[in-house]
Structures are given as C-alpha cells and as structure tokens.
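Peer 1: Just need the structure, nothing else, for what follows:
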Amino acid sequence: MNKRNFFLSALGAVFIICQLVNAQDTSRSLTFNMVELTKRYVAPDTTESCCAGVDFKYPEFLDGTNESALRAINGYVAEYWVRDVGVDNIDALATSRLENFRQYHAQYRHESVGWSDHYTVAVRFNQVPLLTLTLSQWAMTGGAHPNHRSHSRLFSTETGEVLKLGDLLVEGFEDSLNTIGECVFRKVRGLGDTPMSETGFFSRTGEFALNDNFAVTTDGLMFYFNEYEINGYAAGGTKVPIPYEDILGLIKADGPLVNLIE
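Peer 2: Predicted structure coming up:
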C-alpha cells in the first residue's frame, strides 16, 4: 500500500490524508486505484467533538480498452460532486465545507455538535464492456438526523459514455419493466395488494414508476429510491432488485447485457 501524508495549516487545525490503495486487476476488468482524501477542522478552544470532517473515496481508472473512455470516466467521477456547487475540484469542495463550519461555529459557539461529510464512489460492477459506479454522500450537519443520497451510473468501457435503460432494453420496455418492478417493490415493502395511493409511497402520483437510478449487477438490475424520493425520511431508501431472468424478453439481442445472461 502506498500512502502519502500531507499537513496543511489553515482554518485552524486541518489535516489532509491522501491514500492510494493497490490497484485492482482481474481479467476483462478495468484496472483502478482507490484514492482517499480527508480534511478536518477543529474549532479553536474547543474539544475534539466540536470539529468538522470531510472525506472522499473514489476510484481512479488506470487501464482499459480505450484511453479516451478512461479519461471520460475519470472526468465524470472528478466532476460529479463539484459541478453544481461552484468549485473546481474536490479539494476546494472540502475546504469550502470546512469554512462553512468555521463560520457557523463562530456564530453559534454554544453548540458543540460537529459536522461530517462522507463522499464515496463504489465500483459495483466491472466487466468489459460495462462499468457500474455508485456515488454516495452521507452528511451530518447538526440537524435532527443525517442525510444520505446515492446514485448509480452505468458506463460503457469502450466509449466512456453514461448508458441509459434504453441502451440495454428493447424499445417500449417501460410499461413491462414498471409492472415487474412494482411486484418486486410491493414484496420488498410488504404492501400486498393495497392500492399504491393508500400505501404512503408515490404520494404525488399514486402510481408506481421506476426511476433512472439503477445499477447493472451480476444478477440483474438494481434500482434504488433515495430517502424522501417516494416517502418521508423515516421510510428510508428502497432497493428494487430485478433479476435478469424476469426481463429476458426486454433485453436487446445486440445490447451489452447479452453476455451476462448467456
């Protein structure tokens, strides 16, 4: 394991750790390192509990079938957390979050709660020509409870493009896939035959509908509904696993899923 440590004296006591984990390499898979970045701020004249921490853990792909595809995938990962917040990179994002905490603590010194942000990118499926990454954020910033969100993205290892369901399934798949997905959802949530409008889920429409937050896995498609997406926080997130054997008639004959079901 290669490990590089850095010290930064700014915003009080801030520590940065950048860690590279040994590359993962299997046949027909992209090679990658896991990179970790951690920043921490401890408010002056306080205990260790009154601090803020931000950490990132994500893969950096090193070798594959196409160099331009690798650049596109690595670029997507690098930009995912920062594209909508007005900073250039994750280091700047971490610094910004710590500065927000410093300002908050300066205004509300009587509060001793700390802040914590965890950003992770997990490799869920890595078999040429497909790559599934799940990008998640867990944050606790002094509210009643932490917040979590998780989104999966499917990439072509040949082009680096983000693939959609329409790239995997036949035209007009939506109704059939939703019907299959609703059966799984009802089983997962123990809803029986109760009308969806009476379950507390999908209250805006009263009808079940899969989203585009899905992962390709070895066994099938895994859909995920985040907290607050289809119900309140207390209901938590919901996984909806759909086995390939249930959607054989929907898979494109010339699509990238064919090799997974043969």
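
Peer 1: All the helices of the stretch 101-250 of the chain, in order from the start?
Peer 2: 174-189 (DSSP state H, counting those that start in this stretch).

Peer 1: Just the strands from it, written as ranges.
Peer 2: 115-127, 130-140, 147-156, 162-163, 214-216, 220-225, 238-243 (DSSP state E, counting those that start in this stretch).

Peer 1: Tabulate these (JSON lines), appending mean pLDDT, distance to residue 102 and mean neighbour count.
Peer 2: Backbone N, C-alpha and C define where each C-beta goes, glycine included. Putting those into JSON lines (pLDDT from 0 to 100; distance: least, C-beta to C-beta, whole Å; neighbours: other C-beta atoms under 10 Å) gives the following:
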{"stretch": "strand 115-127", "mean pLDDT": "94", "distance to residue 102": "10", "mean neighbour count": "19"}
{"stretch": "strand 130-140", "mean pLDDT": "93", "distance to residue 102": "17", "mean neighbour count": "19"}
{"stretch": "strand 147-156", "mean pLDDT": "94", "distance to residue 102": "21", "mean neighbour count": "19"}
{"stretch": "strand 162-163", "mean pLDDT": "98", "distance to residue 102": "36", "mean neighbour count": "16"}
{"stretch": "strand 214-216", "mean pLDDT": "98", "distance to residue 102": "37", "mean neighbour count": "23"}
{"stretch": "strand 220-225", "mean pLDDT": "98", "distance to residue 102": "34", "mean neighbour count": "22"}
{"stretch": "strand 238-243", "mean pLDDT": "97", "distance to residue 102": "37", "mean neighbour count": "17"}
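
Peer 1: who's in contact with the most centrally placed residue in the chain?
Peer 2: Centroid-nearest residue in the chain: residue 135, 1.8 Å away (criterion: C-alpha atoms, centre = their mean). The neighbourhood of residue 135, defined by C-beta atoms under 8 Å, 6 or more residues apart in numbering, consists of 77, 80-81, 119-121, 150-153.

Peer 1: how close does the closest residue to it other than its chain neighbours sit to residue 51?
Peer 2: Leaving aside its chain neighbours, residue 135 sits nearest to residue 121 (5.1 Å; criterion: C-beta to C-beta, 6 or more residues apart in numbering). Noted for residue 121: a distance of 24 Å to residue 51, by C-beta to C-beta, to the nearest Å.
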